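Chemist: Any chance you could fold what I've pasted below:
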Amino acid sequence: MIQKLQNQVRTIRKFNRYYTNILGLLDQHILESGLSLSEVRALHEIDKTQNCTSKMLSDILCINAGYLSRILKRFENMGLLEKEPSTSDGRVIYLKLTKKGKEKINILNKSSDEQIANMIKTLSDTHKERLVQNMTSIETILTDGKEIKNTDISIRTEIKAGDAGYITFLHGLIYKEEYNYSPSFEAYVAESFFKFLLNYNPQKDRLWCAEHNGQIIGCIGIVGHEEKAQLRWFLIDPLYRGIGLGKKLLTSALEFAKERGYKSIYLDTSNDLEKAMGLYKKFGFKKVSEKPNNSWREGLVEIEFAMDLD
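Modeler: Just a heads-up that it's a prediction; the model follows:
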């Protein structure tokens, strides 16, 4: 375990050294603008932060109040910044960019955009997407998902190449880490997708993929069986839980099942998925049967829930 951690640390440090060089190249235009990197970061935060105060700025940038005060004073002298008292509390002063300040940050943003576009323009579309996805993953993992909002997530129903394989991978990985399921569970998911794709009919079946910058982080599916709909593959990446995404996906699936005229809907789950079962019950599902299932893990109980849609 120690060796594994050492290798991970070594890889992260190697990436940091490489990326520091990249940042140095990208920040060259900042030095040419007459502003320091800290000053440009302060301009960016003032521009994007609603009702920005000196205290907020100091916390965001992790710089001391004295140094920040000198930066803000320089901005005022350059005509980039104005201060406005709060209408509800005169002791609170908001920081706002002047017209000149906004023009300055727009020029810097445009220059940065051009530099990055030139840096990645020779990459294939697939590699560009992977680059953005991996950078998003770094930020999401290191912030433990705290910065994610529901509006950051997009949901599509078009099935794309690789969806079934990646969702199967997510099931195998997450259920192993959280519930210690055996590889046979992943085989079960793979088999279910094999049948789904072979018989897929968009009039009666649907797959919802929730994405963050193009990377699947959640899903749910409906498979039609005559007058019954089966709810399948309901999964949310742990970093994206707690923002209402599960409720949104489940609501979409139930609405689809009703629109398609299904009389009832059912699903299979297991006794260790307590939060999921709680959500199903809130939506009106009731337990109809249970049976032992030791093929995925010893002591597991498979439970069927169902609900009428009439």
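
Chemist: The stretch 151-300 of the chain: helices as residue ranges?
Modeler: 163-179, 183-198, 245-259, 274-282 (DSSP state H, counting those that start in this stretch).

Chemist: closest to residue 148 out of those helices?
Modeler: Nearest to residue 148, of all the helices of the stretch 151-300 of the chain, is helix 245-259, at 9.2 Å by CB to CB. Heads up, the C-betas are built off the backbone N, CA and C, glycines and all.

Chemist: Packing partners of the strand of greatest length in the chain?
Modeler: In terms of residue count, the longest strand belonging to the chain (DSSP state E) is strand 215-225. Judged by 3 or more CB pairs under 8 Å, 6 or more residues apart in numbering; DSSP states H and E, strand 215-225 is in contact with helix 125-142, helix 163-179, strand 206-212, strand 228-236, helix 245-259.

Chemist: Nearest the middle, which residue of the chain would you pick?
Modeler: In the chain, the centroid-proximal residue (CA atoms, centre = their mean) is residue 212; its distance is 4.2 Å.

Chemist: Local confidence estimate at it?
Modeler: pLDDT for residue 212: 92.

Chemist: what's near enough to touch the nearest residue to residue 273 once chain neighbours are set aside?
Modeler: Spatially, and ignoring its direct neighbours in sequence, residue 273 is nearest to residue 179 (7.9 Å; CB to CB, 6 or more residues apart in numbering). Contact analysis of residue 179 by CB atoms under 8 Å, 6 or more residues apart in numbering lists 270, 272-273, 297.

Chemist: Of the residues you listed, which is the nearest to residue 6?
Modeler: So of those, ranked by how close each gets to residue 6 (CB to CB), first place is residue 297, at 31.8 Å.

Chemist: Any buried residues in the helix or strand residue 95 falls within, and which?
Modeler: Using DSSP states H and E, residue 95 maps to strand 93-97. Using 16 or more other CB atoms under 10 Å as the test for burial, strand 93-97 gives 94-95, 97.
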